[in-house]
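> Sharing a model prediction with you, sequence too.
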Amino acid sequence: MPDLLWDDVRDFFDPGLMGALPDVCVPGTTADDWQAVFDLARSRGWAWTYAEGGVTRPLPRAADVLARQEGAETAVLGVSPVPGVSMVFRVFSAAEVDFDIDLRELRGQEGVDVLCAFLRAVGRRLGKPVLMSAEGDGGNPVLGFDPEAGRVVLLADPRTLRPLT
């Protein structure tokens with residue numbers, strides 16, 4: 001049985017309501033959690049790329065990425081759990097694992113299932129909640145992986161969403 005059903009969450013997958021690139025985060029993390037994300041990308045067989053300032057490089061240790069000097073080029077880990085779907089991690093701080101998803105790549109029940117599987121994989125590996133919010137509205141998560149439940153759950157009522165302006 002799927003974590004979430006398309007008919008219940010379709011508004012959370014509407015780029016007009018959520019923004020095309022909703023924010024996803026794992027709060028309360030460390031360099032070890034970032035390393036776990038790097039290791040997860042490698043171990044699951046997902047397609048991935050790592051770049052600093054747009055230049056593709058081999059994936060370093062997370063501690064090395066986080067130790068770079070202030071003002072260094074942004075480090076980006078792109079992960080594609082299935083063809084045509086990308087998750088873009090930006091390594092800004094050890095304190096929070098941040099990434100974006102593109103809702104235009106996630107349509108129907110199949111898209112919901114891909115997102116839920118990815119959030120579950122990250123959440124289970126880290127043992128922490130993984131929260132999705134509308135683009136630019138990180139303080140108000142709408143859905144996320146709940147480590148106690150072991151699945152992705154609704155955190156807001158999709159019927160109360162208003163179009164982003």
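Thanks, I have it.
> which element is Val65 on?
helix 62-66 (DSSP states H and E).
> Which elements pack onto that helix?
Helices and strands touching helix 62-66, by 3 or more C-beta pairs under 8 Å, 6 or more residues apart in numbering; DSSP states H and E, are helix 31-43, strand 85-93. Backbone N, C-alpha and C define where each C-beta goes, glycine included.
> quick check: angle from the last one to helix 31-43?
Taking axes from the mean of the first three to the mean of the last three C-alpha atoms, to 10 degrees, strand 85-93 and helix 31-43 form an angle of 160 degrees between their directions.
> for the following helix or strand past strand 85-93, which positions count as buried?
Moving toward the C-terminus from strand 85-93, the next helix or strand (DSSP H and E) is strand 96-101. Buried residues in strand 96-101, counting neighbours by 16 or more other C-beta atoms under 10 Å, are found at 97-101.
> picking up where we left off before, give me the residues contacting the helix holding Val65.
Contacts of helix 62-66 with the rest of the structure, by C-beta atoms under 8 Å, 6 or more residues apart in numbering, involve 31-32, 34-35, 37-38, 75, 91, 93-94.
> Also stretch 10-25?
Stretch 10-25 is contacted from outside by 6, 87, 96-104, 106-107, 111-112, 119, 130-138, 142-143, 158-159, 161-164, using C-beta under 8 Å, 6+ apart.
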